[in-house]
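Asks: Compute the structure for the input listed below.
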Amino acid sequence: MSKSPRIFWIVFVVATCVLVTPLFMVEIPPVADYPNHLARLYVLAHGASDPVLSRMYAPHWDIIPNLGIDLLVPWTLSFIPLHVAGRIMLAATLLLPVLGTIAYSRALFGGGSFWPLGSFIVAYNIVFLFGFHNLLLSYGAALLSSALHYKYMKRGILTSDSIGALCAIVVFFIHIAGLALLFILIFSHKIFHVIRFWPDGKHAGREAVLQGCGFGIIALGPFGLYLASPLADAVGRNFWIGGPAKLIFLLGPVLNYYPKLDLVTAALMIAVFILCIMSGRTTVSPPVSTSVAALFIAYPYLPFATMTATYVDVRVPIALGFLVFCIFIPRNLPKPIIVAVSLILLSLFVLRTVVVARVWYDHRQDLADLRRTIEPIEAGSRVLVVSVKGPGAELFMPEGDPDLQPGAPRSRFLSIIGIPTYEHMAALVLIERHAFWPLLFAYDNKQPLRVLSPYRELSFPTGGRLPNYEGLALDDIPATDLEQFPYVANWRSRFDYVLVLNAGLAGDLRSFLTDRLVFLEQTGFTALFRIRK
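Replies: Numbering: from 1, shown residues only. Modelled structure (predicted):
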């Protein structure tokens, strides 16, 4: 091995060690959907043999384009503790897109450049902190597959497209968004392969037919699987968000906890890209540039929600965040520019990772509060989870302004958008107390798990936000709120406990609804009541 590759992989290993350091700060990181996914993986692994959980849930395997972690993690829980396996999964979610970026860049431009290592900076992005693990795994798999397909294009269409067809099926089962990314990249490469033969129309036409048939072979398997999946029959309305929100989510690759740091990161990265391009010493990939341009143009027109999926458009900027390190690589830059770019990217990566580690370390208190509070809950109980919303929130509406909650730890809200990260932490009542909780992800066309009756009537298997605790004081809950939180109807007869999150914002809750609730415990983060029947 030459000196340069050795140094490259040494830097990669060191950066990987830095990247996963926050995973050692707390047993359950404040990644929004993570506890919910962890609970489902726990049920898939142990539910059938558990006398309580087996009455609540049953496996429901089907052709679902969202099975990444469900296929990879449950079988490991027979020999790895749950929370260790969960953090290994998080490490894979962080690293696979980075590995895919490096592999794709090296396939396009050859080795020797440290440029794709810059993708470490966008690993802790807003989608990771949402807990969209399958999505990020699929992006990593799509980039790796694109690298493999491109590498073998030079050996003939049969070999490359056979590999592409196999990879497409694998990516389909991880997550369908990664499949879309893979199709876009392969299609772009095929277009530019045909363009190479222009203006020889006859030769170009023959190549267009061959490449089109090859792409059809790649797409055939996933298309057939999609038609056979329950997702093909899914219905739901489309919903678009406004322009300001679109602009904010365009910063998704660098959003995590501190808005000022995130904006500075975005500005410095843009400055680095401009500096490299203006130097005139870059090698550009036309297919990747075309793919990035197509995604960027499509982004404003994509819906926020469609069928059973939400944050649909937000996924595009995350893909762009990794692809920008594959558009070009700098070549023979002047030494002052190399030093400046290296220092900027290195400083951003280390600083942002330290910030995540600090925020996650502070999350330990909320986790300890929750575990202490739920100790009285018996196995088989049904737990209604509500939240104390900040000023500006309505009775049953999910939004509250985190800036008006100065005492709340940073770990409870995401940068700029203020979305709470703590609302799925209640999944611990299922994992540690074997109690029923309505919001476990168990939707038939998205997860391989089904809620059994009579618990199914209380279930809201797409997850969702938490109702405001003050709504429990209403004798007649508005129909619009019941549509969003249907399980709250007749809550006194349907549940055994009420668990309140973000409880410290409400002050002392000992006197809250004493005619309906028996106060049991309150900490700085949580409160627990037994329901009077």
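
Asks: just checking, what packs against the helix or strand where residue 190 lies?
Replies: Assigned by DSSP states H and E, residue 190 belongs to helix 176-195. Applying 3 or more CB pairs under 8 Å, 6 or more residues apart in numbering; DSSP states H and E, one finds that helix 176-195 contacts helix 133-153, helix 157-174, helix 201-228, helix 286-298. To be clear about C-beta, it is placed using only N, CA and C from the backbone, and glycine gets the same treatment.

Asks: Just the CA atoms from the helix or strand bottoming out on mean pLDDT in the chain would do, formatted as CSV, please.
Replies: For the chain, counting by mean pLDDT, DSSP states H and E, helix 479-484 ranks last in confidence among helices and strands (a mean of 80). Extracted in CSV, the C-alpha atoms of helix 479-484 (Å, rounded to 0.1, in the frame of the first residue of the first chain):
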residue,chain,number,x,y,z
ALA,A,479,-63.7,16.2,17.1
THR,A,480,-60.7,17.7,15.3
ASP,A,481,-58.5,16.7,18.3
LEU,A,482,-60.0,13.2,18.4
GLU,A,483,-59.1,12.8,14.7
GLN,A,484,-55.5,13.5,15.6
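
Asks: In that helix, which residues are buried?
Replies: The neighbour-count check on helix 479-484 (16 or more other CB atoms under 10 Å) flags residue 481 as buried.

Asks: Make residue 1 into 515 and carry on from there
Replies: Happy to do that; since the first residue is 515 now, the last one works out to helix 993-998.

Asks: Show me the one of the helices and strands packed on helix 690-709 that comes nearest residue 541.
Replies: Across the helices and strands packed on helix 690-709, the minimum distance to residue 541, taken as CB to CB, is reached by helix 647-667, at 17.2 Å.

Asks: What angle do helix 800-812 and that closest one make with each other?
Replies: 150 degrees (axes from the mean of the first three to the mean of the last three CA atoms, to 10 degrees).

Asks: Give me the angle between helix 647-667 and helix 690-709.
Replies: Going by the same axes, to 10 degrees, helix 647-667 makes 20 degrees with helix 690-709.

Asks: Which strands or helices does helix 647-667 pack on?
Replies: Judged by 3+ CB pairs under 8 Å, 6+ apart, helix 647-667 is in contact with helix 582-586, helix 596-623, helix 640-644, helix 671-688, helix 690-709, helix 829-841.

Asks: nearest to residue 634, of those?
Replies: Closest to residue 634 of the helices and strands packed on helix 647-667 is helix 596-623 (CB to CB; 5.8 Å).

Asks: Can you tell me the element residue 891 falls in?
Replies: Using DSSP H and E, no helix or strand contains residue 891.

Asks: Could you check the pLDDT of the residue nearest to it when sequence neighbours are not counted?
Replies: Spatially, and ignoring its direct neighbours in sequence, residue 891 is nearest to residue 947 (4.4 Å; CB to CB, 6 or more residues apart in numbering). Note for residue 947: predicted pLDDT of 97.

Asks: what do you get for residue 989?
Replies: On the pLDDT scale, residue 989 gets 81.

Asks: What of residue 601?
Replies: At residue 601, pLDDT is 97.

Asks: related to what we said a few turns ago, can you lay out the helices and strands packed on helix 647-667 as a markdown table showing distance to residue 574?
Replies: Converted to a markdown table, these look like this (distance: least, CB to CB, whole Å):
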| stretch | distance to residue 574 |
| --- | --- |
| helix 582-586 | 11 |
| helix 596-623 | 21 |
| helix 640-644 | 24 |
| helix 671-688 | 15 |
| helix 690-709 | 18 |
| helix 829-841 | 25 |
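
Asks: got JSON lines for those helices, with mean neighbour count and distance to residue 536 too?
Replies: Compiled in JSON lines, those are given as follows (neighbours: other CB atoms under 10 Å; distance: least, CB to CB, whole Å):
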{"stretch": "helix 582-586", "mean neighbour count": "20", "distance to residue 536": "19"}
{"stretch": "helix 596-623", "mean neighbour count": "22", "distance to residue 536": "9"}
{"stretch": "helix 640-644", "mean neighbour count": "25", "distance to residue 536": "11"}
{"stretch": "helix 671-688", "mean neighbour count": "21", "distance to residue 536": "24"}
{"stretch": "helix 690-709", "mean neighbour count": "22", "distance to residue 536": "24"}
{"stretch": "helix 829-841", "mean neighbour count": "25", "distance to residue 536": "19"}
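
Asks: Provide a list of residue ranges in this protein with pLDDT below threshold.
Replies: 515-517, 904-920 (pLDDT under 70).

Asks: ok, the most centrally placed residue in it - contacts?
Replies: By CA atoms, centre = their mean, the chain has its centre lying nearest to residue 646, at 1.8 Å. Going by CB atoms under 8 Å, 6 or more residues apart in numbering, residue 646 touches 547, 825, 829.

Asks: go on, residue 963?
Replies: Residues in contact with residue 963, defined by CB under 8 Å, 6+ apart, are 554, 557-558, 571-574, 954-956.

Asks: so what's it closest to, chain neighbours aside?
Replies: Using CB to CB, 6+ apart, the nearest residue to residue 963 is residue 956, at 4.3 Å.

Asks: Number of residues surrounding that neighbour?
Replies: Close neighbours of residue 956, defined as other CB atoms under 10 Å, add up to 26.

Asks: With residue 967 instead?
Replies: Using other CB under 10 Å, residue 967 has 10 other residues around it.

Asks: Tell me the spacing between it and residue 569.
Replies: 10 Å (CB to CB, to the nearest Å).

Asks: May I see the buried residues of stretch 845-865?
Replies: 847, 851, 855, 858-860, 862-863.

Asks: give me the element residue 898 is part of.
Replies: Here residue 898 is assigned to strand 897-901, by DSSP H and E.

Asks: Name all residues that make contact with residue 550.
Replies: Residue 550 touches 645, 938, 941, 953-955, 977, counting by CB under 8 Å, 6+ apart.

Asks: nearest to residue 1040, of the helices and strands packed on helix 647-667?
Replies: Per CB to CB, nearest to residue 1040 of the helices and strands packed on helix 647-667: helix 596-623, 19.3 Å.

Asks: Return the list of helices and strands in contact with the closest one.
Replies: Partner elements for helix 596-623 (3+ CB pairs under 8 Å, 6+ apart): helix 517-534, helix 548-560, helix 647-667, helix 829-841.

Asks: starting at the chain centroid, how far to that helix?
Replies: With CA atoms, centre = their mean, to the nearest Å as the basis, helix 596-623 stands 13 Å off its chain's centre.

Asks: got the angle between that helix and helix 800-812?
Replies: Going by the same axes, to 10 degrees, helix 596-623 makes 120 degrees with helix 800-812.

Asks: circling back: tell me which of the helices and strands packed on helix 690-709 sits nearest to residue 1014.
Replies: For residue 1014, the closest of the helices and strands packed on helix 690-709 is helix 647-667, at 27.8 Å, according to CB to CB.

Asks: Whichever strand or helix holds residue 853 to helix 517-534, inter-axis angle?
Replies: Assessed by DSSP H and E, residue 853 sits inside helix 849-876. Put simply, helix 849-876 runs at 30 degrees to helix 517-534, going by the same axes, to 10 degrees.

Asks: Would you tell me what the next helix or strand after helix 849-876 is?
Replies: Helix 849-876 is succeeded, C-terminally, by helix 878-887 (DSSP H and E).

Asks: Packing partners of that following helix?
Replies: Against helix 878-887 (3+ CB pairs under 8 Å, 6+ apart) you get helix 942-947, strand 1031-1036, strand 1040-1045.

Asks: thinking again about what came up before, what's the neighbour count on the residue nearest to residue 891?
Replies: Other residues near residue 947 come to 21 when the count uses other CB under 10 Å.

Asks: Domain map for the protein?
Replies: For the chain, the structural domains run 576-847, 878-1045, going by automatic domain parsing.

Asks: Next, residue 796: phi, psi?
Replies: The phi and psi values for residue 796, taken as degrees, to the nearest 10, are phi -130, psi 150.

Asks: which one is it nearest to, not counting chain neighbours?
Replies: Nearest one to residue 796, counting by CB to CB, 6+ apart, is residue 842 at 4.3 Å.

Asks: Having no further points to raise, I will conclude here.
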